[in-house]
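J.: let me see the structure of the following:
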Amino acid sequence: MRKLVGFGAGLVAVGPDLLFVESRRQGYQYWRYSLPTDSLSAATQDKYFAAKFGLLADAVRVVFGENPWVEGARLDDGSLLAVFYQDSRVHKFNARGEVEWTWDNPYGDAIYSISCDGSRFWCAYPSGQCIRAFSLESREELATLGGEDQEVFSYPEQVVAQDGVLFVVEMGNRRIRIVDAETLAMTTYRTFTTTIWEYVRAEDKEFVLIGSSTEGDAAKGIYLL
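T.: Below is the predicted model of the structure:
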């Protein structure tokens, strides 16, 4: 595991590059880390939004403004799901950028992450200690994993559906778990000695954001696994 930088969040991997955001008093600074050259350079907000939301970046901006903390999940047909944790209302944009539907989260727990898996979308509920699957067509709840028992999930900050599995980032248990998308069987993928917040896979590269600044954690930063 190699540390790339000691700051930033909102990881988006694009080819050999990793884009992320740094919060500053005067606003947001966007960065690009290039693995081939092992170098850090400033990025633009436009580049970051395009990497995160593709051709629907402008449509997302119309609804959510210039907010880098909006979570998005792209679908194979060019459409997109987007949600901001402070209101936890999911918006589905069609491939033309039109809002096809909105869905009000029926639970009191905020949605921190969203990802698509075929005809389902998954949401991570850290304060609810669980992840839930819903039908894209009806928004009916299809599955809930975790809950009161924090041995299953403890503050799951992120869920990433990819290649037939779900990667679930657990801040509380300091680990990444893998869930088989078909059987829902779970295994532990990686464990860490400090808190973990984000995980991104791109091609053969894996990145994580770990560490807690409130603990004065010297390990805090973005790493290449």
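
J.: tell me the domain ranges of this protein?
T.: Using automatic domain parsing, the domain ranges for the chain come out as 1-69+207-225, 75-191.

J.: contacts only, for residue 116.
T.: Counting by C-beta atoms under 8 Å, 6 or more residues apart in numbering, residue 116 touches 73-75, 81, 122, 136, 161. (Glycine included, C-beta is placed from N, CA and C.)

J.: which of these lies closest to residue 35?
T.: Nearest to residue 35 among the contacts of residue 116: residue 74, at 22.4 Å, using C-beta to C-beta.

J.: how many neighbours does the closest residue to the closest one other than its chain neighbours have?
T.: In space, and not counting its chain neighbours, residue 74 is closest to residue 80: 5.4 Å by C-beta to C-beta, 6 or more residues apart in numbering. By other C-beta atoms under 10 Å, 25 other residues sit near residue 80.

J.: doesn't residue 93 make contact with residue 80?
T.: Yes. Contact criterion C-beta atoms under 8 Å: residue 80 and residue 93 qualify, at 4.6 Å.

J.: name the residues contacting each of the two.
T.: Common neighbours of residue 80 and residue 93 (C-beta under 8 Å, 6+ apart) are 56, 59-60.

J.: looking at those, which are in helices?
T.: 59-60 (DSSP state H).

J.: nearest to residue 108, of the shared contacts of residue 80 and residue 93?
T.: Of the shared contacts of residue 80 and residue 93, the one sitting nearest to residue 108 (C-beta to C-beta) turns out to be residue 60, at 25.4 Å.

J.: ok, back up a step: including distance to residue 197 and mean pLDDT, could the domains of the chain go into a markdown table?
T.: Formatted as a markdown table, the domains of the chain follow (distance: least, C-beta to C-beta, whole Å; pLDDT from 0 to 100):
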| stretch | distance to residue 197 | mean pLDDT |
| --- | --- | --- |
| domain 1-69+207-225 | 5 | 93 |
| domain 75-191 | 5 | 95 |
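
J.: among these, which comes closest to residue 200?
T.: Comparing the domains of the chain by C-beta to C-beta, domain 1-69+207-225 comes nearest, at 4.6 Å.

J.: one step back: most tightly packed of the domains of the chain?
T.: domain 75-191 (a mean of 17; mean count of other C-beta atoms under 10 Å).

J.: for that domain, measure first residue to last.
T.: Taking C-alpha to C-alpha, to the nearest Å, domain 75-191 runs 30 Å from one end to the other.

J.: ok, back up a step: in JSON lines: the domains of the chain, plus distance to residue 199.
T.: Formatted as JSON lines, these follow (distance: least, C-beta to C-beta, whole Å):
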{"stretch": "domain 1-69+207-225", "distance to residue 199": "5"}
{"stretch": "domain 75-191", "distance to residue 199": "5"}
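
J.: how about the residue of the chain positioned farthest from its centre, secondary structure?
T.: The outermost residue of the chain relative to its centre, with distances by C-alpha atoms, centre = their mean, is residue 37 at 25.8 Å. Here residue 37 is recorded as coil under DSSP: H, G, I helix; E, B strand; the rest coil.

J.: with residue 54 instead?
T.: Quick answer, by three-state DSSP: residue 54 is helix.

J.: nearest spatial neighbour of it, skipping sequence neighbours?
T.: Using C-beta to C-beta, 6+ apart, the closest residue to residue 54 is residue 74 (6.2 Å).

J.: burial check on that neighbour, number of neighbours?
T.: Neighbour tally, residue 74, other C-beta under 10 Å: 18.
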